[in-house]
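# Sharing a model that was predicted from the sequence below.
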Amino acid sequence: MNVNVRAMPYWPEIDGLRTIAVLSVYLFHLHLNPLFLPGGFVGVDVFFVISGFLIASLLVLDFDSGHFSLLRFYQRRIARIAPASFFVLGLTMIVGRFVYSAQDFALLGVNGAAAALSAINIQLLSQGNYFQTSPDAQPLLHYWSLSVEEQFYVSFPLVLFLTLRFTTRPIYALSLYCALSYVGWIVATRYAPTAAFYLLPTRAWELLAGACLALARQRGFQFSLSNARHSFVAGIALLFISFLWITPNSFSGWVAAVPVLATVLLLASLEKAPELARKALANSAMVFIGKRSYSLYLWHWPVFSFVDYQFYCQNVAVRLALKIGISCGATFLTYQLLENPMRTWLNSPRWRLSALGAFGLAMVALFVTGIAIRSTYYLSASPQSIATGGIPINSKAQRSVVLIGDSQGVMYGYELASLAQSLDFALYNLSVTGTNELPGEYKTLWPEVERFLENRTPDVVVLAGRWSVKLWDPGAVEHLREGLHFLTQRARQVLVLAEPPWAPSVATREGMRDGARPPFFEDRVPEEKRLQINATLRAFESRRVRILDIADLLQAGDASIIVIDSRGRLTFHDRGHLSDAGTTLVRPRLQQALSEAFLND
């Protein structure tokens, strides 16, 4: 029998703690009531401490007995984490293809690629605060905590080995690392709270707190019976205070230490805790859920996201039933058929190299799949690529179309790429989200556009922009005039796409989950502004310049905005941008305009 198994007995009480942690997170994400369990998200912090405690316990035993093997350590981690994690990741990307809009599916792709590399916590820094991110379009958001743990597993064995080998009092050294990370957390939550939340250096103290306890325990530390009981009661009290008192807005600075301290006290006193409390934690139902807590944690967020995204018009009770039923069913099947049997199989010494190889192949396959999804469904060129053609589609075709613009241009990239195949033209997508591409604009990419078109004569240039912002300044009208003059010297036809109507703020999935229903009408101020800007655009119309107004395609007979298409998909990605369902409504007019332009060559 393995030395670690004999020296590190199974504690069913720890599975009980896992149950408390995962159910707190689960209930918090169900959003049953803002006043119910406002601090349920700190269950993740409980998991961090437990993970640090168990990993350090195993490593110290291995080091002390002389049985440590880095390959064996990573084999155990792969066997424990990878099968269920990669399975949920892959299936989430598959389901996302059928549920999400092109834009949201592309975001899922890039997040999936980052999750496969255990780096989604870094990727999410660009997407803002965890508590303010739209959950229904981010089904892999919870993988940030897995990435933090996996990054910890990469570095911690070496850190612990060097600490044990070269320091006379390793528990002090480990405590110093923990304290430094905690100070980093305190400082970072003040100046860079999002980075503090997501990154390992400012989260390592939670795992190190568990590791310090593990090392102290292996070196003989134990509570007396009386102290253990007091510590257990204090730990339980602090834990439930955390669940009921801490909120997303208050989770910063020293406050985060409360659930961490609670978990350390509970783990330190488990062996001598009151018998009734130990029996409650080791109860068969608690252990049953605790053993499946990893699968439940993996499944709950994508299921909640997909249900909210797909069934936004259903009432709360229906969505709640779907969330609980699907997440629990998927959890039990995954544990029974995949997680548990694969852990046993992959932990076998004879499969060590196979486990490492399979892990590497699966990681690469999921990463490549995620990048392919991102590059296929969201066509925003990089600024550095514009002068060489941006994103080329069907580049060997004889006819050519160049797409220029900001996020409004990117919005049509997917649809124009499809038209490039069906009408057999080469598309050069030069549009870039969040930039300017007209002459004279702030930090404009117009010089790169000029370089690309310098020696080319495309059949059509499609120009799209946030005109309601760009053209409100009279000076910007001259920028457009200058740009159109250059483009008409190069291209046979310039198509200027007018802005779509602005959707009202309640015409979103969240708004409809809260009870808003069609018909929706454009607010008066943005409508008047849009109509005024469209009149400005029409003044530029000529034989070589055509203004394509698409507002009527997105409005019903009563002038209400078509927010939901015939298949139940939202036509708007946000208030001012169409989803792929929305650009599909515009496609016939785009196709007609391009066909007419080709015929007039």
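Now that the structure is in, tell me what you want to look at.

# Would you mind finding the longest helix in this protein?
Assignment by DSSP state H gives helix 70-99 as the longest helix of the chain.

# list the helices and strands the helix or strand following that one packs on?
Going down the chain from helix 70-99, the next helix or strand is helix 102-116, by DSSP states H and E. With contacts taken as 3 or more Cβ pairs under 8 Å, 6 or more residues apart in numbering; DSSP states H and E, helix 102-116 sits against helix 70-99, helix 120-123, helix 143-166, helix 352-377. Quick note: C-beta positions are derived from backbone N, CA and C, even for glycine.

# centre of the chain versus the first one, how much separation?
If I follow you right, that is helix 70-99. Offset of helix 70-99 from its chain centre (Cα atoms, centre = their mean, to the nearest Å): 16 Å.

# got the buried residues for that helix?
Within helix 70-99, the residues that count as buried by 16 or more other Cβ atoms under 10 Å are 72-90, 92-93, 95-96, 99.

# so what secondary structure elements neighbour that helix?
Helices and strands touching helix 70-99, as assessed by 3+ Cβ pairs under 8 Å, 6+ apart, comprise helix 43-65, helix 102-116, helix 143-166, helix 293-310, helix 316-334, helix 340-346, helix 352-377.

# show me where pLDDT drops low in the stretch 51-200 of the chain?
Applying pLDDT under 70 to the stretch 51-200 of the chain picks out residues 128-134.

# Surely residue 254 touches residue 187?
No - counting by Cβ atoms under 8 Å, residue 254 stays clear of residue 187, with 11.8 Å between them.

# tell me the contacts of residue 319?
For residue 319, the contacting residues are 307-308, 311, 513, by Cβ atoms under 8 Å, 6 or more residues apart in numbering.

# try it again with 10 Å
Shown in contact with residue 319 (Cβ atoms under 10 Å, 6 or more residues apart in numbering): 30, 304, 307-308, 310-313, 513.

# repeat for residue 382
390-391, 432.

# which of the contacts of residue 319 has the most neighbours?
Most neighbours among the contacts of residue 319, by other Cβ atoms under 10 Å: residue 304, with 25 neighbours.

# Without its sequence neighbours, what residue ends up closest to it?
residue 323 (5.2 Å; Cβ to Cβ, 6 or more residues apart in numbering).

# quick one: the one you found and residue 300 touch, right?
Yes - between residue 323 and residue 300 there is a contact under Cβ atoms under 10 Å: 7.9 Å.

# if I look at the residue nearest the centre of the chain, how far off is residue 588?
For the chain, residue 141 is the residue whose C-alpha lies nearest the centre (Cα atoms, centre = their mean; 3.9 Å). Between residue 141 and residue 588 the computed distance is 37 Å (Cβ to Cβ, to the nearest Å).

# tell me the mean pLDDT for stretch 210-225?
Averaging pLDDT along stretch 210-225 yields 90.

# Ends of that stretch, what's the gap?
End-to-end distance of stretch 210-225 (Cα to Cα, to the nearest Å): 21 Å.

# For it, buried residues please.
Those would be 210-218, 223, for stretch 210-225 by 16+ other Cβ under 10 Å.

# Equivalent analysis for stretch 51-65, please.
Within stretch 51-65, the residues that qualify as buried are 51-63, counting by 16+ other Cβ under 10 Å.

# Restrict it to CA atoms and write it as CSV.
Listed next in CSV are the C-alpha coordinates belonging to stretch 51-65 (Å, rounded to 0.1, in the frame of the first residue of the first chain):
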residue,chain,number,x,y,z
SER,A,51,-6.9,22.2,-1.3
GLY,A,52,-3.8,23.8,0.2
PHE,A,53,-4.1,21.7,3.3
LEU,A,54,-4.5,18.4,1.5
ILE,A,55,-1.8,19.0,-1.1
ALA,A,56,0.7,20.2,1.4
SER,A,57,-0.1,17.2,3.7
LEU,A,58,0.6,14.7,0.8
LEU,A,59,3.7,16.6,-0.3
VAL,A,60,5.2,16.8,3.2
LEU,A,61,4.6,13.1,3.7
ASP,A,62,6.3,12.3,0.4
PHE,A,63,9.3,14.5,1.2
ASP,A,64,9.7,13.1,4.7
SER,A,65,9.5,9.5,3.5
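
# remind me which residues of the stretch 501-601 of the chain are low pLDDT?
601.

# hmm, try it at 80
Low-confidence segments of the stretch 501-601 of the chain (pLDDT under 80): 600-601.
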